[in-house]
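Enquirer: Build me a model:
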Amino acid sequence: MTLFAVLLALSQAAPPPAETRTVYRCTRDGTVSLATAPEPGSRCQAITYDANAARLPDLWGVPGAQRGVLYQRQQDGRTVYSTRELPGSTRVLAFAVPAPPGSPAHAGLADPGPPRTDVYRDQFRAAARLTGVDEAWLRAIAHVESGYDPQAVSPKGAQGLMQLMPDTAAAYEVTDPFDPNQSIQAGARHLGDLMRRYPKDLRKVAAAYNAGAEAVDRHGGVPPYAETLDYVEKVMRLHGEYRRVTR
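Expert: Here you go, the predicted structure:
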């Protein structure tokens, strides 16, 4: 089952005159689905794309290949399709979509690009003031984690702009992990706690944010995981670049 075929099945039956199609990217409990209508109980974002584009978009927004089942059900008096099984669904077909070209195993392994200070300016400054965490450091982590995408969901279940795992989000009293302000505040508090655990060692702090403090303690430093090693290097490089542009 190709990506084109999945998108065709998900597309609206009668596209607008411009021949665009709309698909909803829905997140729930750390998982992502695609649907032709917003799913009850999920947080959904409408994505409209050119049906005649030479290259179809990466609608899942998560690394790696995607495998699953397309389901059909009735919602509000009409037939809708979704890659999530919901009450009343019937199976339509199974699909396997290869990873997009250049798709990394983790957001931290992609080329993060240059620093950006034009996004969530007030939220990052407020979090830095409240927690004492340097804005440049906070932005470097956010940049590598999600590329500032508040709807990001990782294959491991991390959510939101600061890519908080559900247990971490709950520990910092986050009620909506996809709310940028809550995510930035909780991420800053978490980083502050890690900086107190590993004073004057930002490499360990970054490694703990990525792989967990237990892994850092077990290995006595940055764990020898390819993903974490690459992640730490990118965060450290971006930190230096953000320090130059946020002063």
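
Enquirer: isn't residue 243 right up against residue 138?
Expert: No - using CB atoms under 8 Å, residue 243 is not in contact with residue 138, being 11.6 Å away. Any C-beta I mention is one placed from the backbone N, CA and C, and that applies to glycine too.

Enquirer: Looking at those two now, which is surrounded by more residues?
Expert: More neighbours surround residue 138 than the other of residue 243 and residue 138, with 25 against 16 (other CB atoms under 10 Å).

Enquirer: list the contacts for the more buried one?
Expert: By CB atoms under 8 Å, 6 or more residues apart in numbering, residue 138 lies in contact with 124, 127, 128, 184, 187, 188, 191.

Enquirer: element containing the last one, please.
Expert: Right, the one you point to is residue 191. helix 180-197 (DSSP states H and E).

Enquirer: Which strands or helices does that helix pack on?
Expert: Judged by 3 or more CB pairs under 8 Å, 6 or more residues apart in numbering; DSSP states H and E, the packing partners of helix 180-197 are helix 121-131, helix 135-146, helix 166-171, helix 202-211.

Enquirer: Just name the most buried of these.
Expert: Neighbour counts (mean count of other CB atoms under 10 Å) averaged over each of the helices and strands packed on helix 180-197 peak at helix 135-146, with a mean of 25.

Enquirer: picking up where we left off before, so which of the helices and strands packed on helix 180-197 gets nearest residue 219?
Expert: Nearest of the helices and strands packed on helix 180-197 to residue 219, taken as CB to CB: helix 202-211 at 8.7 Å.

Enquirer: Name the helix or strand for residue 24, please.
Expert: With DSSP H and E as the test, residue 24 turns up in strand 20-28.

Enquirer: could you say what helices and strands that strand packs with?
Expert: helix 3-10, strand 31-35, strand 43-50.

Enquirer: For it, buried residues please.
Expert: 21, 23, 24, 25, 26, 27 (16 or more other CB atoms under 10 Å).
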